[in-house]
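# Need coordinates for the following:
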Amino acid sequence: MANETNLYDAQYHIRFLKLDYLQRVLKVDNPQAVQAAATYAAVLNEIGINSENYPLFLEVLNTNNKWVIDALTDGRDLNQFFEPVVPTYYIIQQIFALFKKKRKNELNAKTLRILLGYLKIIYREPHRGYEMYPLSISNLNHMAKNLKEDQGEDEPINVLILEILRYINEMNELSAYKDLGEKVDIATQAGKLRSCFYDTKRALNNALSGPLLEEGAPQDGVQPDYIYTG
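Here you go, the predicted structure:
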């Protein structure tokens, strides 16, 4: 019995060490860690995302390191990256948490396109999307702050955000739903944000507060020791 207990303790300790070292790697705070994280991301890329391993992909995206995310996404369709994953409350919550965490321009562009592509799938049917994750006006604003006002509506990130806002705004217009409740405020704000982008006499600061529009510097992150380009 004592031997079985010791074996269990040893196995538990090994699992703990593996997780601890992986978390250190994903901090990507030095070239060696970035190199290891990029290799780990490349392995995940080869395996492909599914409904069991998606939390690992989210952790890699959260590194916000250009070289790591390049390895994770190489050869993949960014807009459909998360399509194989069944939508869950957890994923949507993590997406909006990341939008809130990063200031305008700080979030890696590929990550932004991946996350917005997933939200587009979820809120294409806005009432069903809202039932899965009842987003708030704050969620909406932190997403919309990433609109690039100095670029046109055809810019890829702008396209995604504007389409999501259009879907959400449509909650006001679907007559089959009578008791909209707080959805009215969400839908109205989505319409206001779209109008501010399209109206040449207005700007996002007519719908968003100054702190939300404060721009951060684009962040590539720590560079690895070498970059494989083969």
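
# Per-residue pLDDT of the closest residue to residue 103 other than its chain neighbours, please?
Among residues not flanking residue 103 along the chain, residue 216 sits closest, at 3.4 Å (Cβ to Cβ, 6 or more residues apart in numbering). Any C-beta I mention is one placed from the backbone N, CA and C, and that applies to glycine too. pLDDT, residue 216: 85.

# Kindly format the C-alpha coordinates of the helix or strand encompassing residue 139 as PDB.
Secondary structure assignment for residue 139, by DSSP states H and E: helix 137-144. Written as PDB, here are the backbone C-alpha positions of helix 137-144 (Å, rounded to 0.1, in the frame of the first residue of the first chain):
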ATOM      1  CA  ILE A 137     -22.200  47.100 -23.300                       C
ATOM      2  CA  SER A 138     -18.700  47.000 -21.800                       C
ATOM      3  CA  ASN A 139     -18.000  43.900 -23.800                       C
ATOM      4  CA  LEU A 140     -19.200  45.500 -26.900                       C
ATOM      5  CA  ASN A 141     -17.200  48.700 -26.400                       C
ATOM      6  CA  HIS A 142     -14.000  46.800 -25.700                       C
ATOM      7  CA  MET A 143     -14.400  45.000 -28.900                       C
ATOM      8  CA  ALA A 144     -15.300  48.000 -30.900                       C
END
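
# List the buried residues in it.
Across helix 137-144, burial judged by 16 or more other Cβ atoms under 10 Å covers 139-144.

# hmm, back to that, could you check how far the residue nearest to residue 103 is from residue 104?
According to Cβ to Cβ, to the nearest Å, residue 216 and residue 104 sit 6 Å apart.

# One more: residue 51?
Going from residue 51 to residue 104 by Cβ to Cβ gives 32 Å.

# what sits against the residue nearest in space to the middle of the chain?
In the chain, the residue lying closest to the centroid (Cα atoms, centre = their mean) is residue 115, at 3.6 Å. By Cβ atoms under 8 Å, 6 or more residues apart in numbering, the contact list for residue 115 reads 61, 82, 95, 98-99.

# go on, residue 33?
Contacts for residue 33 (Cβ under 8 Å, 6+ apart) come out as 24-27, 222.

# Phi first, then psi, for it.
Phi and psi for residue 33, reported as degrees, to the nearest 10, are phi -60, psi -40.

# and the residue nearest to residue 58 when sequence neighbours are not counted, backbone torsions?
Nearest residue to residue 58, sequence neighbours excluded (Cβ to Cβ, 6+ apart): residue 94, at 5.6 Å. Per-residue torsions, residue 94: phi -70, psi -40 (degrees, to the nearest 10).

# With that, I have no additional questions.
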